[in-house]
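Trainee: Take this sequence and fold it.
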Amino acid sequence: MWRARIFVWLSVVIALPLSAQDDRQYQEWMRSMFPSIGAIRSAPNNAAAAAAATKLAATFDQVAGYWSSKQSPDALGFAEAAGDAARAIAAGNGDKTANLRKIQAQCSGCHIAHRGDDDPDRPIKGGKFPAGWSVTPDRGTADQISYVLAEGVYHFAMGPAGTFYSSNWTKSGDFQFSARLTQKQAPSHPISYGLMIGGSNMGTPNETYSYFLVRNTGEYYIANREGDRTWFAPRIFAEKLPVTVLGWTAHRAIAKQGADGRQTNTLGIEVSGDETVLKVNGVEVTRLPKGKMHTSGMYGFRIGHNLDVDVDQVNR
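Mentor: Residues are numbered from 1 along each chain as shown. Got it, this is the predicted structure:
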């Protein structure tokens, strides 16, 4: 019996370093993807991206082997699909940007599936928006988001968070933009929503814009989007991470969520000369130098995940 116990103990001791070694190798593969993806993105065409794409495809093959050994068929499928997209770039098949976005979508999907999310995006049947409108979802696809315009009210039902824009809605120079936004149901934790301005290259990995948000706890937040940012946590994926301009700040002008889960506030942005003034319910909450935010370009809305939000009284 004691020999059997020693054998089991030795098996565990030996297996642990091997598993840790596998995980360390996995992390090295993840880190090696970052320069490859950067090289592909900056390459002017498929030919210039071929070497980096070939290296990236080989790395995805190694990652696929890792997930195969873990008996994780969904992660294996993500790795294989990403590797196929990298090989397409290397071979000059298809649009480089489209294939790169496919790679990033597979990485994001894998991350979402294996990160142990305790607040997953809810299933929403959507994908059809008012004429001229588009959305950039933080993850997943537009089919997981519903956006309907009816009798002057914009109705948003979110799976993943998203940024909404229209080529018919553009501003430059001095302007004002305001809207009343109503959170219809209480979220499971503080989730934000608000206005977006200064959008350019929307729907691409290089898109930039700024947003002004509130959340149910009575605070506001201002941030810039500066294109896709790839990071490791621990798996590589492209995330639409904000660059904070002003962190979450409480203000008496913001109406907090009520007992019925609803919250209504009118948000306003005024660009005048060298300043940008941000208001809630007609009260100035902060004033920033114009250069702190993107102000010229498309404008629209930014709605957090799993929220139901109505927008009306739009003044543009």
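
Trainee: Could you give the separation between the terminal residues of stretch 159-179?
Mentor: With CA to CA, to the nearest Å as the measure, stretch 159-179 spans 22 Å from end to end.

Trainee: what comes up buried for that stretch?
Mentor: Across stretch 159-179, burial judged by 16 or more other CB atoms under 10 Å covers 159-166, 169, 171, 175, 177-179. Backbone N, C-alpha and C define where each C-beta goes, glycine included.

Trainee: now for the residues you listed, which pair is the farthest apart?
Mentor: G159 and F175 (31.4 Å; CB to CB).

Trainee: burial count for I197?
Mentor: 25 (other CB atoms under 10 Å).

Trainee: which residues touch the nearest residue to it once chain neighbours are set aside?
Mentor: Nearest residue to I197, sequence neighbours excluded (CB to CB, 6 or more residues apart in numbering): Y299, at 4.4 Å. Contact partners of Y299, counting by CB atoms under 8 Å, 6 or more residues apart in numbering, are Y165, W169, T170, K171, F177, L195, M196, I197, G198, G199, R316.

Trainee: and those residues as TSV, adding pLDDT, secondary structure and distance to R262?
Mentor: Listed next are the contacts of Y299 as TSV, based on pLDDT from 0 to 100; DSSP: H, G, I helix; E, B strand; the rest coil; distance: CB to CB, whole Å:
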residue	pLDDT	secondary structure	distance to R262
Y165	97	strand	26
W169	97	strand	26
T170	96	strand	32
K171	93	strand	30
F177	97	strand	23
L195	98	strand	19
M196	98	strand	22
I197	98	strand	26
G198	96	strand	29
G199	95	strand	29
R316	91	coil	24
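
Trainee: for those, which one is nearest H251?
Mentor: Taking CB to CB as the measure, H251 sits nearest to L195 out of those, at 15.7 Å.

Trainee: Pull the number of nearby residues for the closest one.
Mentor: L195 has 23 neighbouring residues, counting by other CB under 10 Å.

Trainee: Give me the distance between it and L267.
Mentor: From L195 across to L267, the span is 5 Å (CB to CB, to the nearest Å).

Trainee: Common neighbours of those two, please.
Mentor: Common neighbours of L195 and L267 (CB under 8 Å, 6+ apart) are S178, A179, F212.

Trainee: Can you list the strands that the one helix or strand the second one maps to pairs with?
Mentor: Think A179. Using DSSP states H and E, A179 sits in strand 175-183. Partners of strand 175-183 in the sheet, by DSSP bridges, are strand 263-272 (antiparallel), strand 308-315 (antiparallel).

Trainee: Need the winner for burial among these.
Mentor: Mean neighbour count (mean count of other CB atoms under 10 Å) peaks for strand 263-272 among those, with a mean of 20.

Trainee: Restricting to C-alpha, output that strand in PDB.
Mentor: Written as PDB, here are the backbone C-alpha positions of strand 263-272 (Å, rounded to 0.1, in the frame of the first residue of the first chain):
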ATOM      1  CA  GLN A 263     -32.100  55.900 -14.200                       C
ATOM      2  CA  THR A 264     -32.600  58.900 -16.500                       C
ATOM      3  CA  ASN A 265     -30.100  61.600 -17.200                       C
ATOM      4  CA  THR A 266     -29.600  64.100 -20.000                       C
ATOM      5  CA  LEU A 267     -25.900  64.200 -21.100                       C
ATOM      6  CA  GLY A 268     -24.500  67.100 -23.100                       C
ATOM      7  CA  ILE A 269     -21.200  67.900 -24.800                       C
ATOM      8  CA  GLU A 270     -20.400  71.400 -26.000                       C
ATOM      9  CA  VAL A 271     -17.200  72.100 -28.000                       C
ATOM     10  CA  SER A 272     -16.400  75.800 -28.000                       C
END
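
Trainee: Alright, calling it a day.
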